[in-house]
Every structure is written in C-alpha cells, then in structure tokens.
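A.B. asks: any chance you could fold what I've pasted below:
(2 chains)
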Protein chains: 2
Amino acid sequence: MSSIPQWVKELKPSSPQGSELLQAERQKSNISIESLSKFLFTSEVLNRRQEILKILQAEKVFDKSQNYFDGRIDRFKTALSRAKMLRNLEIKHKWTSDQLLDASDFVSEAGPYGLHASMFLATLRDQGTEEQHKLFLQPAQNYKYIGCYAQTELGHGSNVRGLETTATWNPEDKTFTLHSPSLTSSKWWIGSLGRTANYAVVMAQLVIAGKKYGPHPFVCQVRDLNTHQPLEGIYVGDIGPKFGYNTMDNGFLLFNKVKIPHINLLAKFSGVDPNTNKYIRPSSASLVYGTLTWVRSTIVLQSGSVLARGVTIAIRYTAVRCQFQDLETSATSKGENQVLNYTMVQYRLLPLLAATFALHFTGKAMMNLYKKNQMKMKQVPEKAADKKRNADPEETHSSSEMLADIHATSCGLKALASSTAAEGLEVTRRACGGHGYSSFAGIGSWYADYLPTTTWEGDNYMLTQQVARYLLKSARAVINGHAPNNETSKILRWFLEKQDTGAAHDILISDSDVVAAFAWRTAYLTFEALRHRDVEKKTWNSLLVDFWRLSTAHSQYLVVKNFYEVLQSESTRNELDPNTIVVLHKLFRLHALSTLEKEASEFFSSGAITIRQIQLTRNKAVMQLLEDIRPHSLKLVDAWQFPDWQLDSSLGRYDGKVYEDMFRRASELNPLNCLTIDPYPDSTVIVKKDETAFLKGKL
Amino acid sequence: MSSIPQWVKELKPSSPQGSELLQAERQKSNISIESLSKFLFTSEVLNRRQEILKILQAEKVFDKSQNYFDGRIDRFKTALSRAKMLRNLEIKHKWTSDQLLDASDFVSEAGPYGLHASMFLATLRDQGTEEQHKLFLQPAQNYKYIGCYAQTELGHGSNVRGLETTATWNPEDKTFTLHSPSLTSSKWWIGSLGRTANYAVVMAQLVIAGKKYGPHPFVCQVRDLNTHQPLEGIYVGDIGPKFGYNTMDNGFLLFNKVKIPHINLLAKFSGVDPNTNKYIRPSSASLVYGTLTWVRSTIVLQSGSVLARGVTIAIRYTAVRCQFQDLETSATSKGENQVLNYTMVQYRLLPLLAATFALHFTGKAMMNLYKKNQMKMKQVPEKAADKKRNADPEETHSSSEMLADIHATSCGLKALASSTAAEGLEVTRRACGGHGYSSFAGIGSWYADYLPTTTWEGDNYMLTQQVARYLLKSARAVINGHAPNNETSKILRWFLEKQDTGAAHDILISDSDVVAAFAWRTAYLTFEALRHRDVEKKTWNSLLVDFWRLSTAHSQYLVVKNFYEVLQSESTRNELDPNTIVVLHKLFRLHALSTLEKEASEFFSSGAITIRQIQLTRNKAVMQLLEDIRPHSLKLVDAWQFPDWQLDSSLGRYDGKVYEDMFRRASELNPLNCLTIDPYPDSTVIVKKDETAFLKGKL
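C.D. replies: Numbers count the residues shown, from 1 in each chain, chains lettered A, B, ... in the order given. Presented below is the predicted three-dimensional model:
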C-alpha cells in the first residue's frame, strides 16, 4: 500500500477528543483506584505484574501487531516461538508458577505448551510413583519430553466411563497394549498434541484377562524425540481450526496395538500387580476429586477478570463515543451525548461491571474454601493413623460432608461464573455498536478463546445435575434430622420453619434481606424438586430443566452472599476508604437486584418477594443505582489494572485515543491493503500486484 | 503429512452408526416433509434452487474444502473469484435477482460485489434521474463501474444527521467539493470499498453558501478504471479483520477537497439548481422510508432460515451423538442414550425449532404487508392527481397511518428476529457440546458472519425507540378517540375496555387466548410507558429500558399472532396433511408458551395470566410439548431443505456420518498437519519441514 499522504497524517478526530472525555470522567469520581486495586489484588501482586510486563514488552517475539491479521498457520508458529520464549524467561528469571501465569495472562493466548505445563506435569506428579517421577516427570519438567493429557475421544466427552481406547495387560511379557478399536475411539481435542507433544498421558480402559477396570492413565511416547515423526502404530495430528483457540494445536491420536511397559501405567493409586496379574484397587478417590475442584475454583476466580476485560473496553469506548444530542437534558451538555449516558447502555453494561466484582469475590472465597478443605484433608490421614483403633466417626463424617459441599459449590459456581463471563463478553462487544465487530475492538477474539470454558471441566449444563443431587440429598437429611451443621442445611431448615408463616423480605431497604430472598428461592426450589423426585416419582431425565434452574438459583445465592460478606468484613473497612465502600455497596445492590429482576418470576412464585417489590426494583431501584454508579464506572474499570498491551484494543485504550488507533491499525498494519486487485468480472486476473509477501518478510 | 495408514482407513465409528440412527428417526414420524417444504417455499422455488445448486457444484471455484482453513487474504481472493463467477453465471443462465440470491445463499459467504449489487445499484436506480441512470447506472449494471454505498463514518453510525463529510457547492464552476474535515469523518465499514470498488455513492452534508442541508447522496469515482489505484485526493483501503464477514472488504475513505460535477448529486428527490444556486427540497421522504422498510422486512424473512441452519445441524448431531446410559428408561434402549433424548437438550433446541417456523411465517406476512403498502402508495399519487381539488383527507390519512404502522412493525420485528436468530445460533452451537466449537460444525462461522445484522439497518436497541414512539402515539390517539381502525388501535382499545374487569386468558386450553395474553401485555406496557412519559413527565432517556421491553413485547405478540393466523387459514388446511398440521400446531404452542415462560414476570405483573398458570406452563405444558415434538424434530429440520453442500457441516450431515466427516477433514484437508516442528524450548528452530506451500500449489 502506498504510504500515507501528508494531509491524512494531519487529520484529527473531531472534538471532543477521547482523551479529554476520559480525563473528565476520571475527575468526576471520588473513589480511590489505588486502594481498590490493592484490595482486589494486593500491592505485592500488582508490583510483581509490573515487572513481568516490562520483561515481556522488551522481547520482540511478543509484539502483538500482527495477531489480528495472521492466519492459523502463522499464528501457531508465532505462538510456539512465544511459548519457547516464555519457558526461557521462566528459567532466566526463576519465575514461580504464579509469575508464569501472570506472564501468560499478559500474552493472552493459548500456547502450544499449555497442556504440557498444566495437565501433563500435574498428572505425572499427582498420579505417578517415585520411580515414575524419575522416569517421566523429571525429563518432562526439563522439557525433554513435551506432553499432553489425552482423555476426550471423538465419540466420548462428558461420559469418561464410556471411553473406548483400551490398554490390555499382557501377562506373558508384562506390557500393556494400547489400541483404538474404532474411529470414535480416536483421542480428540487433546491440547498440545496436534503438532507439539512427543509424549501423552492416555486415559484408556484397563483390561486384565478380558475384564474391564475402567479408565486409567498410561504414559505413552507418540513422536520420535529427534525427528519428531509419529512412532510406529501411532496416527496423530491436529484436529483443524476452531471458533477460537487457534494458537493451540488440539490433536487427535489413534493406536494400532502399541505396546508399552508395565511402568507406564501411573500407579500411585491403582495398578496391575505384575506377579499375580491382579488389579490393585485405589484406596480413595478423594484426591482426584480435589484436582477437579481446584480446576473449577480457578475458573470461578478467573471469571471476574475475564469479564472485566470486556467491561473495561466497552465502558471506556462508550465514554469516548458520542452519538445524538439529548435535547431534553442538553442544558449542561453541548454537542452529542456520550453513549454511556444512555440508560439502555447503562442497563446493559453496569450490571456486568457489578458482576465482575461479585465473581472476583466469590472466586476468592471459593479458593479459600478449597485451601481450607485441602488442609483438613491432609490432617485426616495423620489423625486417622493416630486414632486407628479409636476412630472418630464425627470427624470423618464432617470431612466428607465438607468435600461434598465444596464439590457441589464448585460445580454450580463454575457453571454460573463461566456462563456469566462468556455471555457478558458478548454483551460488552455489542454495546460497542458497529466497531465492536472489528477485531481491533479486542473483545471478539477474547470471547471466542474463552468460550470452551463453558464446556470443559464439566459442561455447564451437565454440572448442574451435581448441584441438584447434592441439594436433594441435603434436603432429605434436613427432613430426617441427620443434616450436618453447614450453610446449606441452615437455609433449608430455616425455610422449613418459615414456610407456613411466609417470607417478608425487605429487599428495597435491607441488604441482609436481599441475601435472604435469594436463600429462600433456593430452598423453595430445592423442596419443589424433592417433591417431584421423591413424592411424584418423576424420572431424573424429566427433571433436568428443574435441576438446572435450581443450580443456577443456588449459585446466584452464593455469589450474592459472598459479595455481601465482603462488605460486612472488617478488613474491607480497614483497607478501603469510605467513598469507595459506598460505591462498592451500590455495586452489590445493583448486582443482586438486577439478578433478582432478571429471574423475577422465580422470586414471585416462590413467595420470596411480592409483585409490587419487583415492580419497584425494576422501575426505581435498579434505574437509580445505574445513575449513581455511572459517574464512577470508568474508575471502577481502571481499578482492574489491565495494561493497554494486554487488552490490545483500539476501543479500550486507557488514553481514549480510540479513533487514532483504529485508523493506524487499518492503514499501517493491515496487509490486505498491499493487494491491488482486478475488479472486473470479465477478467480472470484476481491480483494485479501483491506487496504482502514483501511486507511479511519485513515485519 | 504422511498418507493415512491402511489400519486407520479401515476404522469405523462404534455402533450404533449415525446413518442408522437418523434413518430410525425419520421412520418415527408420520409428517410429510415434502408437503411441508412446499408449504414453506412452493415447489417452483424448490425446483429452481435444485437447478442452481447443480450449476454451482459443477464449478471448481466454489469448492468449499479449504474455507475453514484459509486466512483472510486467501479467503478474500477466493471470494472475489467466486463473485466474478457468480456474475458470469448470472449472465450465462439469465438469472433473475431471486435466482442470484439463491446462488449466493448456497455459496453462503459475503462476496466483494455484495454492496455493488445491492445498495449501489439500488441507490442509483431509486435516487438517480434518467440522465444519471444513463451516466452511472448503465455502466454499473454492466460492471464497468463497481460501486459501494459510503454512509457510515468512523465517528458516526446510527446518527446519520451527524455525518461530517461535506459536499460544498461551488457556484463558480458548478461543482461540489467532497471533503473529510477530520479523522472521524473517514467513511468506515463500507462494504466492497476496501479493495474492490472504483465508484462510491457518498453520503455527505450538502453545503450551499455556508448553510448545511443535511446528508445527500453523491456519486464519486474513487479508483482509476485501468490501474485500480486511488485517484488524487482520495485515501482508501480495507478497515482490517472482523469477528466474521472476512470475505468482504469493508473499507475506509477520506477526501482531500475532491471536486465532482453537478450531475454527481443524485437528484431524483432533491438537489441544487445550478442556475439559482438554490436548494431544491424533496417533495416526500416516503419512498426512502420504503427502502428501509423493505430491507428490514427482508431481514425478518431471512431470520427463520438463518436460525434453521443452526437448528438443523444441532438436531441432526444430537440425534447421532450418544452419551451416558439412561438407567431409568433403559428398558427399551440398549447402550448409550441419544443426546436429543435429554430434556435439557430438548428445552434448548426445540423452542428454537419452533421459532424458525414462527419467524418464517412472520417474515412472509411482513413482506405481504410491505407489498400491499407499496401498491397502495403507487395508487395514491394517481388518485391525488385526480382529486387535486377534491382531496379526500381520509384516504391520505389512512395511507400515512399504514406507513407509520408498517414502519414501526418492521423496526420492532427486525430487532426481535435478528436477535433471536443470532442468539439462537449460539445456543445451537453450544448444544453440540465440544464439537460445536470446531469450525467443521459449520455453526460458528455462520453465526459470526450473521452477527452484524443485529447492528446494521438500525441497531436493534435503537430501533425499539421507534416502536415505542409509535405505540405511545397510537395510545394517545385511542384515548383521544382519533385512532385509525387498525390492529394496534384495536388491542389498545380492547385493553382499556377490559382493564377494570381484568383478564382471564385460558392459555392452557385456548390458542386465541394465548394470542390475547400477548396482546394484553403489549397494551398494558404501552399505557404504563405512556403514564411515565405523559403523566409523570419522565425524560425520554430515562425510559429507554421500558421502551425496549415494550418493543420486544409488541414484536413477540406479532410473531405469535402471525403463527396463529397461519394455522387458522384455509390454505394451510388445503396444502398440508392433518398429521403435519397437528405438529405445526404443537410448534405454535411451544413457541408461544416458551416465550411466555421466559417473559413470565411481565405476564404476571400485567395481569395477563396468573402465577398458577405460569407454573403449569413451566412444569407441565412446555415439558409435554417437548416430548410430543421430539419424535418429529428431525423431519421438521429436513423440511427446511438445506443441502449438505450449503451447510458445509460435519455435524449436520443429512446421512449422519458425523465422525467420518470430522476425521476426514482433520486428516485429509488440514494444512497445519503438513508442518513438522521442533518442539524443544532450547531450539530456536520452529519449523523443521513445511509441506503446506507445496500442498497449496496442488490444491
């Protein structure tokens, strides 16, 4: 493309300038970004991130300018270069795993080492014996082996027990034969496997003497360590392009009777005795349970900041973008109105802004609960050893009860949080109007990359069954008087006591009554589902929709309650200034009341609130909160502290230079503009001149 | 990538085979696909489409096998080749515009001639004089000029009156000067402009003697007809990649004082008198009004089939995909359960299946209304001439009233229909589970390409203000007794009569009562909004959320009413067999009741129905309808008659060979698999061997 003419270079956006508008926004609010950021992340973490950001920005390979233009093959190659560099920086700077996560967060793309560094290493570590650690984990930690975690198959995802790949024990030579009996047994969606990995942990049905013992983890080399070509009997490759996540090489894998030694079955919990040829049963499944809970808790914790990226971009852009004059309130404003001033835009964006905080606090609470539980579990075996003959049934009971509670909580919150974040991101994209559709908005690709989170680690709809199962069990225990003394039992018991006198939740005045209204709805739906199941004897399948509603209701209650508890806590009052607390309180009310309004019919029909209350919530309370929060919205997103480099968004720039950046990217970075075409249908020539190849070399 | 080993070629999916499952599904239902298809489209259209499909499939350029793999530049080049071919086929086969649309529909991608063939030609035709037709339209029709429609600017979308580009009249040499005074005045998002067009219709502020007369359409050459290089004073290019629609070269355009002759202002309705230098005012804006209404009606009509593509893919795939055993109902089924049997999946997909029909019928009704109105408008001028001195105020009144009604209807329905289709497509994608995320699912790219429809031709949120404005005006007229005798006034009047005695809509038994409940809610919300506006004197901005709710309610009422009327009509009973009518009736009830359930709180609080009714709807009626429709669902999507070639989906194949097709595309077509990489972080080599370039040449 010919160079930019001087007259174009001299053009500026028409007034008011985006930078002036954002400056004015920031002056409007009296909250302290600094103290709020510290409250969210701690200064230690904020400083740590600053350092990492500098290191990354200094490396040319992380230059993002062609990310939105490159096709899949180029994106993958670049992602591999970046993954290598991240690994080298990790060594050089002796990064902890948290620091490596920060770095990946800034780079913001799935890298080809992604599944090696997470699931492959974690499985070897958690499920391997000491001997196996030496044999597999050590070379893997040193990136001599690059691995992946091969569980899902072309025909089997959610139903892990239905996996078809077999690992048959051969007593004669003490080996296993890995085999793919059908096309649907092909491993599929396996991250890092498509082009990168030379090793895999393969989940396969263990078969001993013709009998199946369910899926077990086997270590299997898949590619030559020198030539990187697939080994004999193995057919492996990339599964092709996806809606997003295209920097990752998700792969497929088929085995044609591949023999692996006995030592390759990860044997910490179960295995095959090579002498007796008998199966060794696992003593407890709870640690595996723990890993899943940890992964889900992480998803909950991340969901707030995942959504906050979109909210940051949309709030900054709608504060810069002006459209139409508001004639009725034009006394103060000259020219066109900031789009963020329109109530329809506030109604879409500000509840999501509130949700980012609600999810963040919930994620933190979830993580604390997880850690608390892990500590307790670690104590149990020791105690169990002490008390071997004098076992305390109470202790074991409460520990397993806590495990069940935390498991259900993590399932329900994972589903709610990741759906809220994914769907919320799309709302923020559309709130940016036409420009939200441009890749330069920075929301579309982020959304597309995040979407699989609603499916992996338990499909969001499937997970709701776990929550319902737990709540039904709890309700039965409450009715039978055997319930443990936890939060869930408490609200169920409270509902049973109050149900005949009815509820009078003063949601428009009292915060604790708002929380109580959410608890009431959960309890009502629980006992309704219980009646369907236990009294009316309905089938499980016929109740799936009720279960999904119940799980959503329960998880929304937990999020509202967690936000409420943060506001009640003393540390909040110590760490935050009063102005910021006032706004945070309004965000709590907006989150709770706008959720309540969206789910109004369940609140009515459960008797948690009256129709008059919902009308007042809808027409007065929510609209008033939008107006109150509006002046603080820009600073509230600033508090999330996303550097421009991370957002990579024209619309979400901190300085408000939206239009300059859109134009720069289109005119200076866009390789399509190096193509001169022949436009006429009677000519078979498509490209007259192509400077793209030349440019590519230059970049 | 090395060739596929023999043992892989011999693998089959595990049983039951997809083809067997779909065959069994088709045998389960007694409805007639043939008669339903004819009823939806007519046999004439179905036959016409068959012929066109054959013509397209015979041309190599339309081969779709690399669509999901190609990067933006390759996709654009291919799209241009295809656009040229479509134009040549159009000439060769003397296609009508309907036939050309069918062909584009099958190709299913936005082509670089898209805006030339639609808005450029239409604007020249509708707004040009005879002289201008000769000068511009004729060469454009012959593709000597390739054009676009340059309205939107970097800083201005919805607010057309705020456009910054100026066209200043120069009395001295009888020319206009087109000029871009700022960066934000750059034309932006202009389809076909980025690389393809050499001409543009530019909407610019007409300025005569320092006075602005608002936006007017100017014809302007932008690129040289031989070299295809931009002309002097013009800076033009592609705006860069987008979330979808990347086969189209949306462009930007800046003018540095570019002079164009007087004849280049399209002057059918208004213009500048070159002798007096005075502005010539337009006599009527109604025809322009008409074009917008037509475009919106087209969007409504297409929305049903847009959504039906996703529904077709998801229903076929969930009928093939089996996961988990249903132990409670396993008496009849062996092995795993079809995913479509789970109520949670039915609850997500079948209401969307019902919506495809509801939207299709509504679109047809909307189109008929539009045509009726156009005929009426054409008659008016003639009559007006006859009655010049004896004007009939009733006649003009009813014609403009009809115009207002059809305008509001098209705005509201465009917003509802395109949002329903876009959001529904994403639901169908997720209902496909993990594989829905693969490009081979065929939903993601279709969804991404469709998304801008929610923004263009009036942003869906903005449009709801037009509907509310019309309903408020109608309500005032009804109260004042001046209302015309149309449907809208009728329901408002009926509500006023009944509001004190209350409603008793028997929605669980009577279809007409379901329609009445929707009408009641619309009327209730209208008068509530009117009270806020006229009595409480609330600002327009503070009511935008209410207006959005009102518009949605009204449009949902129209869709339900249209579906109901199709079922009542005699032609339906003549054209369809009774079995099919029974199922169509169930689809009507499912559409209406699931909509009612989702919006339950508005139905309660307006008093349209009782809480007990909504509980029965939720727990019984909807669930029963899902069960009733389930056995027919495959044949119902078959009736939409999408050929596999059009869907380009592994999951949505008519024959159910889902897994074979997924595997074939990943292993045989995926160019990433031609890349052998070096996986180690201590090596700077990324690619060891790249067969992609070789393959590219071969394809």
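A.B. asks: next up, the contacts around the residue in chain A that chain B sits nearest to.
C.D. replies: The nearest approach of chain A to chain B comes at A:Gly71, 2.2 Å away (Cβ to the nearest Cβ). For the C-beta atoms, the positions are set from N, CA and C on the backbone; glycine is no exception. Contacts for A:Gly71 were tallied using Cβ atoms under 8 Å, 6 or more residues apart in numbering or on different chains; they are B:70-74.
A.B. asks: repeat that for A:Gly412.
C.D. replies: A:463-464, A:466-467, A:551-552, A:554-555, A:558 are the contacts of A:Gly412 under Cβ under 8 Å, 6+ apart.
A.B. asks: ok, then the element right after the host helix or strand of it?
C.D. replies: Secondary structure from DSSP states H and E places A:Gly412 in helix A:393-431. Sequence order places helix A:444-450 as the next helix or strand after helix A:393-431, per DSSP H and E.
A.B. asks: residues in contact with that following helix: which ones?
C.D. replies: A:67-68, A:108-110, A:243-245, A:306, A:309-310, A:418, A:421-422, A:425-426, A:429, A:436-437, A:439, B:242-243.
A.B. asks: after it comes which helix or strand?
C.D. replies: Per DSSP H and E, the helix or strand that comes after helix A:444-450 is helix A:460-480.
A.B. asks: hmm, who's touching that next one?
C.D. replies: By Cβ under 8 Å, 6+ apart, helix A:460-480 touches A:158, A:404-405, A:407-408, A:411-412, A:414-415, A:418-419, A:454, A:458, A:483-484, A:488-489, A:492-493, A:496, A:522, A:526-527, A:529-530, A:533-534, A:543-544, A:546-548, A:550-552, A:554-555, B:344, B:348.
A.B. asks: among these, which ones are buried?
C.D. replies: Neighbour counting over these (16 or more other Cβ atoms under 10 Å in any protein chain shown) leaves A:158, A:404-405, A:407-408, A:411-412, A:414-415, A:418-419, A:454, A:458, A:483-484, A:488-489, A:492-493, A:522, A:526-527, A:529-530, A:533, A:543-544, A:546-548, A:550-552, A:554-555, B:344, B:348 as the buried ones.
A.B. asks: check contacts around A:Ala666.
C.D. replies: Contact partners of A:Ala666, counting by Cβ under 8 Å, 6+ apart, are A:440, A:673, B:237-240, B:252.
A.B. asks: what strand or helix carries A:Ala200?
C.D. replies: Per DSSP H and E: strand A:199-208 holds A:Ala200.
A.B. asks: check the offset of stretch A:207-216 from the chain's centre.
C.D. replies: 35 Å (Cα atoms, centre = their mean, to the nearest Å).
A.B. asks: now stretch A:236-248
C.D. replies: Relative to the chain's own centre, stretch A:236-248 is displaced by 19 Å; criterion: Cα atoms, centre = their mean.
A.B. asks: any idea how far B:Lys268 is from the spatially most central residue of chain A?
C.D. replies: Residue closest to the mean C-alpha point of chain A, counted by Cα atoms, centre = their mean, is A:Ile299 at 4.0 Å. Counting by Cβ to Cβ, to the nearest Å, the gap from A:Ile299 to B:Lys268 is 59 Å.
A.B. asks: for A:Ile509, same thing?
C.D. replies: For A:Ile509, the distance to B:Lys268 - Cβ to Cβ - is 63 Å.
A.B. asks: who's more crowded, those two?
C.D. replies: Higher neighbour count among A:Ile509 and B:Lys268: B:Lys268, with 17 against 8, using other Cβ atoms under 10 Å in any protein chain shown.
A.B. asks: wait, is the more buried one part of a helix?
C.D. replies: No: counting by DSSP: H, G, I helix; E, B strand; the rest coil, B:Lys268 is located in no helix; its state is coil.
A.B. asks: and the strands in chain A, which stretches?
C.D. replies: A:149-150, A:166-170, A:175-179, A:187-190, A:199-208, A:211-221, A:234-238, A:251-255, A:258-261, A:271-273, A:278-280, A:675-677, A:687-690 (DSSP state E).
A.B. asks: want to throw these into TSV with mean pLDDT and mean neighbour count?
C.D. replies: Shown next, in TSV, are the strands of chain A (pLDDT from 0 to 100; neighbours: other Cβ atoms under 10 Å in any protein chain shown):
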stretch	mean pLDDT	mean neighbour count
strand A:149-150	97	28
strand A:166-170	98	20
strand A:175-179	98	22
strand A:187-190	98	27
strand A:199-208	98	24
strand A:211-221	97	18
strand A:234-238	98	23
strand A:251-255	98	27
strand A:258-261	98	17
strand A:271-273	96	17
strand A:278-280	96	14
strand A:675-677	94	20
strand A:687-690	92	14
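A.B. asks: now the ones you listed in a markdown table, with distance to chain B?
C.D. replies: Shown next, in a markdown table, are the strands of chain A (distance: least, Cβ to the nearest Cβ, whole Å):
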| stretch | distance to chain B |
| --- | --- |
| strand A:149-150 | 14 |
| strand A:166-170 | 12 |
| strand A:175-179 | 10 |
| strand A:187-190 | 6 |
| strand A:199-208 | 10 |
| strand A:211-221 | 13 |
| strand A:234-238 | 4 |
| strand A:251-255 | 6 |
| strand A:258-261 | 11 |
| strand A:271-273 | 25 |
| strand A:278-280 | 23 |
| strand A:675-677 | 5 |
| strand A:687-690 | 6 |
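A.B. asks: ok, which of the ones you listed comes nearest B:Ile677?
C.D. replies: Closest to B:Ile677 of those is strand A:234-238 (Cβ to Cβ; 10.8 Å).
A.B. asks: give me the helices and strands touching that closest one, please.
C.D. replies: Taking 3 or more Cβ pairs under 8 Å, 6 or more residues apart in numbering or on different chains; DSSP states H and E as contact, the helices and strands that strand A:234-238 lies on are strand A:251-255.
A.B. asks: what strands line up against the strand it packs on, and which way round?
C.D. replies: When pairing is defined by DSSP bridges, strand A:251-255 lines up against strand A:187-190 (antiparallel), strand A:234-238 (antiparallel).
A.B. asks: on the pLDDT front, check A:Cys375 for me.
C.D. replies: To be clear, residue A:375 is Met; Cys isn't right here. Here the pLDDT value assigned to A:Met375 is 83.
A.B. asks: now the strand holding A:Ala200 against strand A:175-179, angle please.
C.D. replies: 100 degrees (axes from the mean of the first three to the mean of the last three Cα atoms, to 10 degrees).
A.B. asks: which helix runs longest in chain A?
C.D. replies: Looking across chain A with DSSP state H, the single longest helix is helix A:343-386.
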